[in-house]
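Novice: No letters, just coordinates:
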């Protein structure tokens, strides 16, 4: 057995959550092996927008994780270099297109302020100062200085480079096919470790079945549109207040609520639709059309801007919309870090930090009880 | 048939792309990149790479390799993203 076949921690999945978990574990002195059946950032990490948001969170355990994560992202930008992650602390702007929505938003920001979010109500004039290209129909809004953005693929690759620099191993093209005593069987042999972290994203449910400790992680399909490169036309992450309602929704049908943001490369990203249709990769022109129309409502200048392409991804969601974090009491050594739905890039930083604390025997900074893996099997209280 | 490129008359055959006509007239580049202002012209020549972008009759980001030349078309060198008017 070579040294690389024995680690302290195996992380299954080289997406953002896996990379963050591996990085924090390696930085804490653990020997880490990352196993990825496809390529680095080959799943949802390369099919999302790189959102680091507190603005769309209601008070509760997910918000606590988001606030921890935002702090960790800021520290990581200092540790690893903001440019190497394309980390941009650009802030978020939420827009209400009607007075009714505006009233709902004001009540929402009040609850968020009470929970520790910097949420500032802004008038329609102040909105246009922040976003000069915004539609004159925007009635009111909220400004969230804590919201940020990264280039998720670049940031994942950067984190995994740091894992290697810290002595860790990253094996792509290596699929986990089963669990063995203190380790996993893979397409390239047995790999041993004290702990196995399930960070397989939208496919974490399948991995949990292999381990004999199922967690209900399901796919939610989302389209994102990409425009031609532009100069800076949109300064913040901008979305409509309806987005918040949709994020928290359990409706199976199609929902679209637009999120618009510029990128360092110049393209503008327009997201995001939400559909529960399984792993269906088919293109849908009506969905793309609806997203484009909603984006034009918020930023009328987009009507004359060309789309280069669209892409889709599968967000990993659990029935209660909370991630699954921490040791699984059903299988000693198994730890989950999955089910982050559409917030995985943002929540990954806190997730990696907490999992590393657990695996090094420390008291985690956040109570993991609301995220416990076996909660779905418990009888309702 | 003739169109203009940065004010200069360029001859073109019917069915010829702007890019082909520019190359035939001895021009190798007609765009400057967004970050380094480096010159660009035809790279793939088949509409995939978006390197040959040009401004046609005021509309930016047209692919010179795909757009057919037409009489009196006004083609200009594209600076950066070609949409400077939108910047804020």
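Specialist: Good, I have the coordinates. Source: prediction; values computed, not measured.

Novice: any residues touching stretch A:364-378, and which ones?
Specialist: Residues outside stretch A:364-378 that contact it (Cβ atoms under 8 Å, 6 or more residues apart in numbering or on different chains) are A:60-61, A:64-65, A:68, A:208, A:213, A:215-216, A:318-320, A:322-330, A:336, A:350, A:353-354, A:357-358. Heads up, the C-betas are built off the backbone N, CA and C, glycines and all.

Novice: Quote the end-to-end distance of that stretch.
Specialist: In terms of Cα to Cα, to the nearest Å, the two terminal residues of stretch A:364-378 are separated by 23 Å.

Novice: sec struct for the nearest residue to residue A:96 once chain neighbours are set aside, please.
Specialist: Nearest residue to residue A:96 in three dimensions, chain neighbours excluded: residue A:102, at 3.7 Å (Cβ to Cβ, 6 or more residues apart in numbering or on different chains). At residue A:102 the chain is in helix, as set by DSSP: H, G, I helix; E, B strand; the rest coil.

Novice: State the pLDDT value of residue A:102.
Specialist: pLDDT recorded at residue A:102 is 92.

Novice: Run through the residues that contact it.
Specialist: A:96, A:139-141, A:241.

Novice: repeat that with 10 Å
Specialist: For residue A:102, the contact set (Cβ atoms under 10 Å, 6 or more residues apart in numbering or on different chains) comprises A:95-96, A:121, A:124, A:138-142, A:241.

Novice: again with residue A:331
Specialist: Contacts for residue A:331 (Cβ under 10 Å, 6+ apart) come out as A:179, A:196, A:198, A:208, A:211-213, A:373.

Novice: same deal with residue A:237?
Specialist: Applying Cβ under 10 Å, 6+ apart to residue A:237 gives the contacts A:49-53, A:55-56, A:88, A:90-94, A:144, A:147-149, A:259-262, A:269.

Novice: go on, residue A:155?
Specialist: By Cβ under 10 Å, 6+ apart, the residues touching residue A:155 are A:16, A:19-20, A:41, A:45, A:50, A:73, A:76-77, A:80, A:84-87, A:345, A:348-349.

Novice: Confirm it sits in a helix?
Specialist: Yes: looking at residue A:155 with three-state DSSP, it is inside a helix.

Novice: Residue A:324 versus that one, what's the distance?
Specialist: Applying Cβ to Cβ, to the nearest Å, the value for residue A:155 to residue A:324 is 22 Å.

Novice: How about residue A:64?
Specialist: Distance of residue A:64 to residue A:324, given as Cβ to Cβ: 16 Å.

Novice: So between those two, which is more surrounded?
Specialist: Per other Cβ atoms under 10 Å in any protein chain shown, whichever of residue A:64 and residue A:324 has more neighbours is residue A:324, with 28 against 18.

Novice: wouldn't that one be in contact with residue A:344 here?
Specialist: No: using Cβ atoms under 10 Å, residue A:324 is not in contact with residue A:344, being 12.0 Å away.

Novice: list the residues that contact both of those two?
Specialist: Both residue A:324 and residue A:344 are contacted by A:316, A:337-338, under the criterion Cβ under 10 Å, 6+ apart.

Novice: For the residue lying closest to residue A:305 once chain neighbours are set aside, give me the pLDDT.
Specialist: Spatial nearest neighbour of residue A:305, chain neighbours left out: residue A:227 (5.0 Å); criterion: Cβ to Cβ, 6+ apart. Listed pLDDT for residue A:227 reads 96.

Novice: Dig out what residue A:227 forms beta bridges with.
Specialist: According to DSSP bridges, the residues that bridge with residue A:227 are residue A:307.

Novice: closest point of chain B to chain A, which residue?
Specialist: Of all residues in chain B, residue B:87 sits closest to chain A, at 3.9 Å by Cβ to the nearest Cβ.

Novice: Now do the contacts for that residue.
Specialist: Applying Cβ under 10 Å, 6+ apart, we find residue B:87 in contact with A:132-133, A:230-233, B:80-81.

Novice: cool, residue B:27 as well?
Specialist: When contacts are counted by Cβ under 10 Å, 6+ apart, residue B:27 touches B:5-6, B:8, B:10, B:19, B:21, B:41-42, B:64, B:75, B:77.

Novice: Filter those residues down to the ones in strands?
Specialist: Counting by DSSP state E, these place B:5, B:8, B:10, B:75 in strands.

Novice: from those residues, which two are the most distant?
Specialist: Within the ones in strands among the contacts of residue B:27, B:8 and B:75 form the most distant pair, 9.7 Å apart (Cβ to Cβ).

Novice: excluding its backbone neighbours, what's nearest whatever residue of the stretch 151-300 of chain A ends up closest to chain B?
Specialist: Nearest to chain B in the stretch 151-300 of chain A, going by Cβ to the nearest Cβ, is residue A:231, at a distance of 3.9 Å. Spatial nearest neighbour of residue A:231, excluding adjacent residues (Cβ to Cβ, 6+ apart): residue B:87 at 3.9 Å.

Novice: quick one: that neighbour from residue B:62, how far?
Specialist: From residue B:87 to residue B:62 the distance is 20 Å (Cβ to Cβ).

Novice: and the stretch 1-150 of chain A, which of its residues are near chain B?
Specialist: Selection of the stretch 1-150 of chain A residues close to chain B by Cβ under 10 Å from any Cβ of the partner chain yields A:131-134.

Novice: what's the closest of the residues you listed to residue A:30?
Specialist: Nearest to residue A:30 out of these is residue A:131 (Cβ to Cβ; 44.1 Å).

Novice: Out of the contacts of residue A:102, list just those in strands.
Specialist: Using DSSP E, the subset of these located in strands is A:95-96, A:121, A:140-142.

Novice: So for chain B, the centremost residue is which one?
Specialist: The centroid of chain B falls nearest to residue B:54 when counting by Cα atoms, centre = their mean (3.0 Å).

Novice: Give the phi and psi angles for it, as a check.
Specialist: Torsion angles at residue B:54 (phi, psi; degrees, to the nearest 10) stand at phi -150, psi 160.

Novice: Enumerate every residue touching it.
Specialist: With contact taken as Cβ under 10 Å, 6+ apart, residue B:54 is in contact with B:5, B:18-19, B:22, B:30-31, B:40-41, B:60-65, B:67, B:75-78, B:82.

Novice: same thing but at 7 Å, please
Specialist: Contacts of residue B:54 were listed using Cβ atoms under 7 Å, 6 or more residues apart in numbering or on different chains, and they are B:18, B:30-31, B:62, B:64, B:75, B:78.

Novice: now the closest residue to chain B within the stretch 51-200 of chain A, nearest residue through space, not along the chain?
Specialist: Closest contact between the stretch 51-200 of chain A and chain B, by Cβ to the nearest Cβ, is at residue A:132 (4.3 Å). Closest residue in space to residue A:132, ignoring its immediate chain neighbours: residue B:88 at 4.3 Å, by Cβ to Cβ, 6+ apart.

Novice: Return the residues of chain B in contact with chain A.
Specialist: Residues of chain B lying close to chain A (Cβ under 7 Å from any Cβ of the partner chain) are B:34, B:61, B:80-81, B:83-84, B:86-88.

Novice: buried subset of those?
Specialist: Buried members of those, counted by 16 or more other Cβ atoms under 10 Å in any protein chain shown: B:34, B:61, B:80-81, B:83, B:86.

Novice: where does chain B dip in pLDDT?
Specialist: Residues of chain B that meet the criterion pLDDT under 70 are absent altogether.
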